[in-house]
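In: All I have is the shape, not the residue letters:
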């Protein structure tokens, strides 16, 4: 690329940054501060640029601005070519069709539930109900609705069945009915490009260094030395307040004492009075309206988090967080750069009127069985419910939403499944073939781990080690890598088993697993 092309590309990126920041709170804060600095009697025309920069630095706005720009550059909307004026939607027609069919299936399931149970999608609570609901806000599990007739809209196994049935209509060999990929024995038969092992080694090269999370493999003196050093460094990073530094620091693991602040900083979550007000408004929306989705959220928390040894104590927190999440329309922004279409429904009594067509639920997300486990780990880190909510929301919109949407994105669930199958087939083809021969596709076991980002499967301290790296590298590719590592770690046992049920039983408990050494086993085998 020539110097002129580089200059044009840089100019386009700067223009896009300015356009994206225009209208945001930070834009007006910086503009106001710059004007005030320029109007000072001590500011000379000849040194105005320098004085304004120094004023922004003194006020701390320069760091806030840098953080906003860094987070913007990590977002999907920015990764689209800066000069493009078209939205970044799914480029493959057959993938778009599969996603649209899946959305219709989910919407049909919701509507069928409404009809069968004779329950509206949404209803306004009367004044007494509002008062009672608000009174029980901190103990919502005590006065829950009757959930016996409700069922999850779908589970990971249903989603796997759908994506494993997707095929490229142009890929079958001419004159043949077999549409499977040559040399690929797995369930996913979509020809997408996935990173090779050398490319993964390059991407996660810092995993080769000494890491937090290796305490079981280090002598006490070395571990304590590393831990103390990381704690001191983490404190400096948090005090510095730079998102980019926290982002890269997380790649080698965060100390327990600093993880909450480090995640918030790395994800670019800053909570001001407007955010607190917005949280209160969303809470009020929950109080005013009873949605069918609310019962599905209650049901999911009861079936998953409440039955989990690590998360059952956070039951009431989870009700609050996920009910508020369902009303948050800012989540809809994630759909702007994808082919995913949020479900819609007509306001009662106005069927067919375009202006009466609204997104349902307001955030556009239908929870699946296990969805509440996405939010549960954040309850460990933060005591304030609004802080739990905003950090969870950012992690979801940055990463987790890709795990229940059909797309060809390199970080989407389809690509992650392909990475898992390709890696396992490459690193241990004998194990892969053995499992297929006894009627147990490896992905059928690993899919639920990947789709839930291992939440509810790993011990909490190990889940945090994994999510540290997901945040630090900004990548979900660590999920299939860890899945492959678990299979290889248990290979001797798996090769001796001859029934699918016994295979599933041997991999049902992942709490003894240690994330960092397993990841290093795959990325940098010795």
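Out: Noted; the coordinates are in hand. Predicted model only: the values in this text are computed from it and were never measured. Residues are numbered from 1 along each chain as shown.
In: ok, residue 345 - how many residues close by?
Out: 18 (other C-beta atoms under 10 Å). C-beta here means a position set from N, CA and C on the backbone, and glycine is covered the same way.
In: close enough to count as contact, residue 247 and residue 471?
Out: Yes. The pair residue 247 / residue 471 is scored as a contact, 7.2 Å apart, by C-beta atoms under 8 Å.
In: which residues do the two both contact?
Out: residue 266 (C-beta atoms under 8 Å, 6 or more residues apart in numbering).
In: quick one, longest helix in this structure?
Out: helix 93-117 (DSSP state H).
In: Heading C-terminal from that helix, find the next helix or strand.
Out: The C-terminal neighbour of helix 93-117 among helices and strands, as given by DSSP states H and E, is strand 122-124.
In: Least confident secondary structure element in this structure?
Out: helix 76-79 (a mean of 60; mean pLDDT, DSSP states H and E).
In: ok, for residue 155, nearest residue in space, not its chain neighbours?
Out: residue 369 (4.0 Å; C-beta to C-beta, 6 or more residues apart in numbering).
In: shouldn't that neighbour be in contact with residue 159?
Out: No. The criterion here is C-beta under 8 Å, and residue 369 misses it with residue 159 at 9.9 Å.
In: From residue 32, how far out is residue 38?
Out: Look at residue 38 and residue 32: by C-beta to C-beta, to the nearest Å, they are 11 Å apart.
In: Tell me which residues touch the residue minimising distance to the centre of the chain, please.
Out: Closest to where the C-alpha atoms of the chain average out (C-alpha atoms, centre = their mean) is residue 400, at 1.9 Å. Contacts here follow C-beta under 8 Å, 6+ apart; on that basis residue 400 touches 374, 453.
In: Retrieve the pLDDT associated with it.
Out: pLDDT, residue 400: 95.
In: That one and residue 200: what is the separation?
Out: Counting by C-beta to C-beta - residue 400 and residue 200 are separated by 21 Å.
In: swap in residue 236?
Out: For residue 236, the distance to residue 200 - C-beta to C-beta - is 31 Å.
In: One more: residue 384?
Out: Taken as C-beta to C-beta, the span from residue 384 to residue 200 is 37 Å.
In: Okay, now the unreliable bits of the stretch 301-450 of the chain?
Out: For the stretch 301-450 of the chain, applying pLDDT under 70 flags the ranges 337-339, 346-357.
In: quick one, strands of it?
Out: 344-346, 357-359 (DSSP state E, counting those that start in this stretch).
In: Flag the shaky bits of the stretch 101-250 of the chain, pLDDT-wise.
Out: 143, 172-184, 215-219.
In: Not counting its own residues, what contacts stretch 419-436?
Out: Outside stretch 419-436, the residues that touch it by C-beta under 8 Å, 6+ apart are 184-188, 194-195, 197, 441-443, 446, 450, 477, 480-481, 483-484, 487-488, 491, 494-495, 503, 522.
In: Please list only the buried members of those residues.
Out: 185-188, 194-195, 441-443, 446, 450, 477, 480-481, 483-484, 487-488, 494, 503, 522 (16 or more other C-beta atoms under 10 Å).
In: Show residues contacting whichever strand or helix holds residue 467.
Out: Element membership for residue 467, per DSSP H and E: helix 460-473. For helix 460-473, the surrounding residues in contact (C-beta under 8 Å, 6+ apart) are 203-204, 207, 212-213, 247-254, 256, 259, 263, 266-267, 310, 377, 380, 395, 399, 453-455, 458, 476, 478-479, 482, 511, 513-516, 519.
In: Likewise for stretch 509-526?
Out: Contacts for stretch 509-526 (C-beta under 8 Å, 6+ apart): 200-201, 204, 207-208, 211-214, 216-217, 253, 423, 427, 449, 454, 457-459, 462-463, 465-466, 469, 478, 481-482, 484-486, 488-489.
In: chain center to it: distance?
Out: 22 Å (C-alpha atoms, centre = their mean, to the nearest Å).
In: Just the buried ones among the contacts of helix 460-473, please.
Out: 204, 207, 212-213, 247, 249-254, 259, 263, 266-267, 310, 377, 380, 395, 399, 453-455, 458, 476, 478-479, 482, 513-516, 519.
In: buried ones in the helix or strand residue 231 falls within?
Out: Applying DSSP H and E as the criterion places residue 231 in helix 220-240. Residues 223, 226, 227, 230, 234, 237, 238 are the ones in helix 220-240 that count as buried (16+ other C-beta under 10 Å).
In: Distance to residue 315 added to those, as JSON lines?
Out: Supplementary listing: those in JSON lines, determined by distance: C-beta to C-beta, whole Å:
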{"residue": "223", "distance to residue 315": "35"}
{"residue": "226", "distance to residue 315": "36"}
{"residue": "227", "distance to residue 315": "32"}
{"residue": "230", "distance to residue 315": "33"}
{"residue": "234", "distance to residue 315": "31"}
{"residue": "237", "distance to residue 315": "33"}
{"residue": "238", "distance to residue 315": "30"}
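In: Quick check: the two most widely separated of those?
Out: Within the buried residues of helix 220-240, 223 and 238 form the most distant pair, 22.1 Å apart (C-beta to C-beta).
In: where along the stretch 51-200 of the chain do the helices fall?
Out: Counting by DSSP state H, counting those that start in this stretch, the stretch 51-200 of the chain has these helices, from start to end: 61-74, 76-79, 93-117, 127-135, 156-163, 197-203.
In: whoops, the stretch 351-500 of the chain was the one
Out: 376-381, 385-398, 413-427, 429-437, 442-451, 460-473, 478-489, 491-495, 500-506.
In: Let me know the angle separating the fourth one from helix 442-451.
Out: Going by axes from the mean of the first three to the mean of the last three C-alpha atoms, to 10 degrees, helix 429-437 is angled at 100 degrees with respect to helix 442-451.
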